[in-house]
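Novice: turn this into a structure:
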Amino acid sequence: LATGASWVCYFRALQIGKASQVAPVDKFSLVLVAVFAFVFLGECPSGQEWLGIVLVACGVLVLAFKR
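Specialist: Residues are numbered from 1 along each chain as shown. Presented below is the predicted three-dimensional model:
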C-alpha cells in the first residue's frame, strides 16, 4: 500500500511540477534510506557503497540547484 501511495504521489507531482524538479526529490529518497538504515538498523555499507550513496547525493544536489 505504501509503495502504491508513493507512486500515486510521484505521478501527481509530475502532473503539477516539472520533471526536472520532481526527479531529484525522488532520487534523494535512496540516500535517505541508506542513511536511515545505517542510523536506525545498524547496517554498515562498504566504502564502495558509501561512495555510490555520496555520488547519488551529489547528483541530486546538482540537479536541484542548477540554474
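
Novice: make it CA atoms for all contacts and neighbour counts henceforth
Specialist: Fine.

Novice: which residue, other than its chain neighbours, is closest to Leu61?
Specialist: Excluding its sequence neighbours, the residue lying closest to Leu61 (C-alpha to C-alpha, 6 or more residues apart in numbering) is Pro24, at 7.7 Å.

Novice: for the host helix or strand of the one you found, name the packing helices and strands.
Specialist: Taking DSSP states H and E as the criterion, Pro24 maps to helix 19-41. The criterion is 3 or more C-alpha pairs under 8 Å, 6 or more residues apart in numbering; DSSP states H and E, and the helices and strands that helix 19-41 contacts are helix 2-16, helix 47-65.

Novice: neighbours of the residue nearest to Leu61, how many?
Specialist: 19 (other C-alpha atoms under 10 Å).

Novice: what of Val31?
Specialist: By the measure other C-alpha under 10 Å, the count of residues near Val31 is 19.
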